[in-house]
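**Student:** I would like the atomic coordinates for the input below:
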Amino acid sequence: MTVRIGERDVAILAKCAKARWLSTGQLARLFFGGVTADAVRKSLRRLTETGHLTAWRENRMSEAFHALGPKGKAVLEARGIAAEVSRTPPKPLLHMEGINDVRVAVETSGLAVAFFFAAWEVGEFGCAYDVIPDAVFALKMPARRAFAVEFDRGTETVETVFRKVRRYDEGLTGFPLAAVLVVTETAGRLQDLGRHAKGEAVRIPVFKALLGDVRSSGFGAPVFAGLFGASGGRFSVTDIGTEGSFRRP
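**Tutor:** Numbers count the residues shown, from 1 in each chain. Below you'll find the model as predicted:
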């Protein structure tokens, strides 16, 4: 089947190359504002049927996920964009889905995003740090401010999460962080993190948010609360990046 590849199609292929696997809903939020769900599915199905994308879903009732296909790889490489085909999703896919939900929230926030890299992209740079964030991104505020993101599904111990936080507190050489943002799925897990935080002495600002709030409101909204309780209220990522009083004495 011959299909015309437009600029939006190329953007979808490039994003799938970076994010590896994106759900129909994630692609809709990134590229199909104001378009019906049926139209989104039709557009993605067209790219899948021609081999530009690969589609996978757990069962007929679940949402489809999409990755770069062989013809999509050829389209990108013809434009000088290196890309690899993804044939099967990772297990568990839910962790990658959560990280990419954060990606979508950042990139659709309307904020001036300097960059966003997920853990698998950071690894490709040959990063020598002994801790790799689930994601890292930077905003132009106007000075560039970088943030590490930990997506916590509750499958690891709370101590494991704070072990990474302590490493961030020691500093990443040549890569100063404005704050660490912990995004998790349930209010109960947020409470567990808050209880554990009372015994921590780290100075780096750490903020927590529910994934559902991040999905629905985005990073431009006040969805974050201080993990250590030093500052009351809820904050947006721009509040966190510009406010200098969040670092503990």
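**Student:** Which elements pack onto the helix ranked longest in the chain?
**Tutor:** Using DSSP state H, we find that the single longest helix of the chain is helix 93-107. Counting contacts by 3 or more CB pairs under 8 Å, 6 or more residues apart in numbering; DSSP states H and E, helix 93-107 packs against strand 22-23, helix 24-31, strand 113-118, strand 135-140, strand 144-152, helix 211-217. To be clear about C-beta, it is placed using only N, CA and C from the backbone, and glycine gets the same treatment.
**Student:** when you compare where the fourth one runs with where helix 93-107 runs, what's the angle?
**Tutor:** What it means is strand 135-140. 0 degrees (axes from the mean of the first three to the mean of the last three CA atoms, to 10 degrees).
**Student:** I'd like the mean pLDDT over strand 135-140, please.
**Tutor:** Mean per-residue pLDDT for strand 135-140: 93.
**Student:** and that strand, what does it pack onto?
**Tutor:** Against strand 135-140 (3+ CB pairs under 8 Å, 6+ apart) you get helix 93-107, strand 113-118, strand 144-152, helix 237-242.
**Student:** now those as JSON lines including distance to residue 176 and mean neighbour count?
**Tutor:** Shown next, in JSON lines, are these (distance: least, CB to CB, whole Å; neighbours: other CB atoms under 10 Å):
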{"stretch": "helix 93-107", "distance to residue 176": "19", "mean neighbour count": "21"}
{"stretch": "strand 113-118", "distance to residue 176": "14", "mean neighbour count": "17"}
{"stretch": "strand 144-152", "distance to residue 176": "7", "mean neighbour count": "22"}
{"stretch": "helix 237-242", "distance to residue 176": "12", "mean neighbour count": "20"}
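**Student:** Columns distance to residue 135 and mean pLDDT on top of these, output as a markdown table?
**Tutor:** As requested, the helices and strands packed on strand 135-140 are arranged in a markdown table below (distance: least, CB to CB, whole Å; pLDDT from 0 to 100):
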| stretch | distance to residue 135 | mean pLDDT |
| --- | --- | --- |
| helix 93-107 | 5 | 95 |
| strand 113-118 | 5 | 94 |
| strand 144-152 | 4 | 93 |
| helix 237-242 | 12 | 86 |
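**Student:** Would you convert those into CSV that also reports distance to residue 179?
**Tutor:** Shown next, in CSV, are the helices and strands packed on strand 135-140 (distance: least, CB to CB, whole Å):
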stretch, distance to residue 179
helix 93-107, 14
strand 113-118, 15
strand 144-152, 6
helix 237-242, 5
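**Student:** okay, now residue 136: neighbour count?
**Tutor:** 21 (other CB atoms under 10 Å).
**Student:** Residues in a beta bridge with it, which ones?
**Tutor:** For residue 136, the beta-bridge partners are residue 117, residue 148 (DSSP bridges).
**Student:** likewise residue 206?
**Tutor:** Applying DSSP bridges, one finds that residue 206 bridges with residue 180.
**Student:** For residue 161, see how far away it is.
**Tutor:** Going from residue 206 to residue 161 by CB to CB, to the nearest Å gives 10 Å.
**Student:** Common neighbours of these two, please.
**Tutor:** residue 182 (CB atoms under 8 Å, 6 or more residues apart in numbering).
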